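Student: return a 3D structure for these sequence lines:
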Amino acid sequence: QENFKGTIAYLAELGYKKIEFGSFANILPEADAKKILEDHGIQPVAGGSSIANLLNDFGKEAELMHFYDREYLVCYWPWHGSADNKKADDFKKVAEELNIVGEKAKKEGFLFAFHNHDQEFVRTGPDELGYDIILKDTDPELVSMQLDVYWTYKGNADPIAYMKKHPKRIPMLHLKDMDDTPQRGFAVVGDGIIDFGKVMQQGDAIGV
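Tutor: Coordinates of the predicted model:
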């Protein structure tokens, strides 16, 4: 907020080549942000919003995608409100809406991905989780998965197992670590309890 240009310069100095974000409009004009990213050789690769915004104002999201020449549009929240007490039919509805946005994204020439939290790993059947329904009922040609490693573990599921089972559905990972407390909160990668060696090895194996 205070030093956007300096922050981007520091990221570039650290070696980052790509960045994911929604909008910088609350900090500085998008055109200025784009110029600063270009000046430091950092490529906008992904960004997005909630399913409600993607359905209700897709044109605005698409315009921002094209402006930054991003590859992936991402749905970061698939619910119209709370994620509590969801059943199988709720996840089927999520899959239906993700397919709708995925079709629109395809027509615009960019890819579409769904980002999970822990709520999607609620049990919906004897051998099925809500996330499984989303995977099963979304069209692989329209919807990819941006698998969040932390939230998957927080939902008591195994991100490595999902990568092994669905190698072509997961082109991106979100990485944050989990602290060793009953609350299982965020930690800096490497400071927590997630084995990122195994996570990254499997990610490399499937071409994340």
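Student: need the longest strand for this structure.
Tutor: Longest among the strand segments of the chain by residue count, using DSSP state E, is strand 43-50.
Student: report the buried residues of that one.
Tutor: P44, V45, A46, G47, G48, S49 (16 or more other C-beta atoms under 10 Å). Every residue, glycine included, has its C-beta placed from N, CA and C.
Student: is it true that the last one touches E61?
Tutor: Yes - at 5.9 Å, S49 counts as touching E61 under the criterion of C-beta atoms under 8 Å.
Student: K35 and E61: what is the separation?
Tutor: 21 Å (C-beta to C-beta, to the nearest Å).
Student: try P29
Tutor: Taking C-beta to C-beta, one finds P29 at 18 Å from E61.
Student: max-length helix in this structure?
Tutor: Taking DSSP state H as the criterion, the chain has its longest helix at helix 88-108.
Student: so which elements touch the helix or strand following that helix?
Tutor: Later in the chain than helix 88-108, the nearest helix or strand by DSSP states H and E is strand 111-115. Contact here means 3 or more C-beta pairs under 8 Å, 6 or more residues apart in numbering; DSSP states H and E; on that basis strand 111-115 packs against strand 72-77, helix 88-108, strand 144-148.
Student: list the strands paired with strand 111-115, with their directions.
Tutor: Using DSSP bridges, the strands paired with strand 111-115 are strand 72-77 (parallel), strand 144-148 (parallel).
Student: per-residue confidence at Q1?
Tutor: For Q1, the model assigns a pLDDT of 89.
Student: kindly report the same for the one 3 residues further on.
Tutor: The predicted local confidence for F4 comes out at a pLDDT of 97.
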